[in-house]
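Trainee: One predicted model, sequence on top.
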Amino acid sequence: MKIKKILMGCVFLIFSCILFGKEYKPLEQVKKFSFEVTEINYIGKKQKKILYFVQMMLPNVFKKEILFPDLNKGELYLYKENMKTVYLPIFEQKKIMKLEKEELQVLDVIKMLAKQLSTDITFRKEYYDKKNVEFVLNENYKVVIQSYSEIDQYLFPKKWLLEEKGQKILELTLSKIEINPNFTERDFQVP
């Protein structure tokens, strides 16, 4: 009789997991992550491909290292607070300048995604069901998330589209995603 109860309990547990789906940790809790990005810019009928490595510490530190094209390989872009530091290895040149608002759209997108997940129940359900979800970044731009990656019990967006007035202008595909890596201050310095 006891074995029967244990067996029934196991069957119920398995059925519950299948019925109610996988439980993910809230993405809004992630404060540090890194990943590679394959970016395709759509300019008219032409496409431009860029590959880069990103390290982020939310809410406002973002570092990007260009991996491709070879001409730009090694370029570093550090966005911190309201400043941008650019390092161009081909010229061994470092330049610090005030950040333009539109330059940090990546952080805006992540902040908007976190807000949507924490405030919009329908959006959150569709997101965790791995459906295509979209949200408006501002009056001209819309973000569409098309696919996901499961990392350390987090569901992380993998493929993003950015549309401007209904026209696809940017496609981002993330790979080698690492959640809460061990960053130090040295990781966010430019030579």
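Mentor: Received the coordinates, thanks. Residues are numbered from 1 along each chain as shown.
Trainee: Run through the bridge partners of the residue nearest the centre of the chain.
Mentor: In the chain, the centroid-proximal residue (C-alpha atoms, centre = their mean) is P157; its distance is 5.9 Å. Beta-bridge partners of P157, counted by DSSP bridges, are Y148.
Trainee: excluding its backbone neighbours, what's nearest V106?
Mentor: Nearest residue to V106, sequence neighbours excluded (C-beta to C-beta, 6 or more residues apart in numbering): F62, at 6.3 Å. Any C-beta I mention is one placed from the backbone N, CA and C, and that applies to glycine too.
Trainee: Run through who's touching the strand or helix carrying that neighbour.
Mentor: When secondary structure is defined by DSSP states H and E, F62 falls within strand 61-68. Strand 61-68 is contacted by residues 36, 49-56, 72-80, 104, 106-107, 187-188 when judged by C-beta atoms under 8 Å, 6 or more residues apart in numbering.
Trainee: Stretch 123-138 too?
Mentor: Counting contacts by C-beta under 8 Å, 6+ apart, the residues outside stretch 123-138 that touch it are 21, 24, 105, 108-109, 112-113, 116-118, 142-148, 155, 162.
Trainee: redo that, cut-off 7 Å
Mentor: With C-beta atoms under 7 Å, 6 or more residues apart in numbering as the contact definition, stretch 123-138 has outside contacts at 24, 108-109, 112, 116-117, 142-146, 148, 155.
Trainee: returning to what we had before: pLDDT (mean, whole number) over the helix or strand following the strand holding F62?
Mentor: Moving toward the C-terminus from strand 61-68, the next helix or strand (DSSP H and E) is strand 76-80. In this model, strand 76-80 carries a mean pLDDT of 93.
Trainee: Okay, now the sheet partners of strand 76-80, with direction.
Mentor: Take DSSP bridges as the rule and strand 76-80 pairs in its sheet with strand 61-68 (antiparallel), strand 83-88 (antiparallel).
Trainee: so the residue lying closest to M56 once chain neighbours are set aside bridges to which residues?
Mentor: Distances taken as C-beta to C-beta, 6+ apart place F62 nearest to M56, at 5.2 Å, with adjacent residues excluded. Applying DSSP bridges to F62 gives these bridge partners: M56, Y79.
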